[in-house]
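Engineer: need a structure here:
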Amino acid sequence: MKKSILVLAIFSFLAGALIISCDSPAQRVEAAETNVAEAKDDLAQAKQEYLEDVEKYRLQTAEKIAANNQRIADFNVKIEKEKAEAKAEYKTKVAEQAPEFLSREHRIAEAVLKDFSTAL
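Structural biologist: Modelled structure (predicted):
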């Protein structure tokens, strides 16, 4: 008798737990719709942050390029004011170093900007 009551109690407990834990199909659909809506919001926010980061990077790169161009222009003005000997020396240094540096930096900046614009 005790065994049958114990078995009946365990069976009743398991059946009750099973019934309580089951979700209806409507609840599952509602939960899925909520998850999809949250995912869309997260995606929109992440895309906006990405676009802001890209624009910030473009501005920083443009500022760096402008600063480098200004430094070169200032250096060229300084060369024009110097003596003829120093002038020739400066011009050879610039001719040797500037194109290599600028072309490398320019290629890197163009490649990065191209990657950003193709990613959009």
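Engineer: next, count neighbours for residue 56.
Structural biologist: By the criterion of other Cβ atoms under 10 Å, residue 56 has 10 neighbours. C-beta coordinates here come from the backbone N, C-alpha and C atoms, glycine included.
Engineer: begin at 297 from now on, thanks
Structural biologist: Okay, using 297 as the starting number, the last item reads as residue 352.
Engineer: that one in helix, strand or coil?
Structural biologist: For residue 352, the secondary structure call by DSSP: H, G, I helix; E, B strand; the rest coil comes out as helix.
Engineer: in what helix or strand does residue 335 lie?
Structural biologist: helix 321-377 (DSSP states H and E).
Engineer: roughly how far is that helix from the heart of the chain?
Structural biologist: 7 Å (Cα atoms, centre = their mean, to the nearest Å).
Engineer: now it: average pLDDT?
Structural biologist: In this model, helix 321-377 has a mean pLDDT of 85.
Engineer: so which elements touch that helix?
Structural biologist: In terms of contacts (3 or more Cβ pairs under 8 Å, 6 or more residues apart in numbering; DSSP states H and E), helix 321-377 is packed against helix 380-415.
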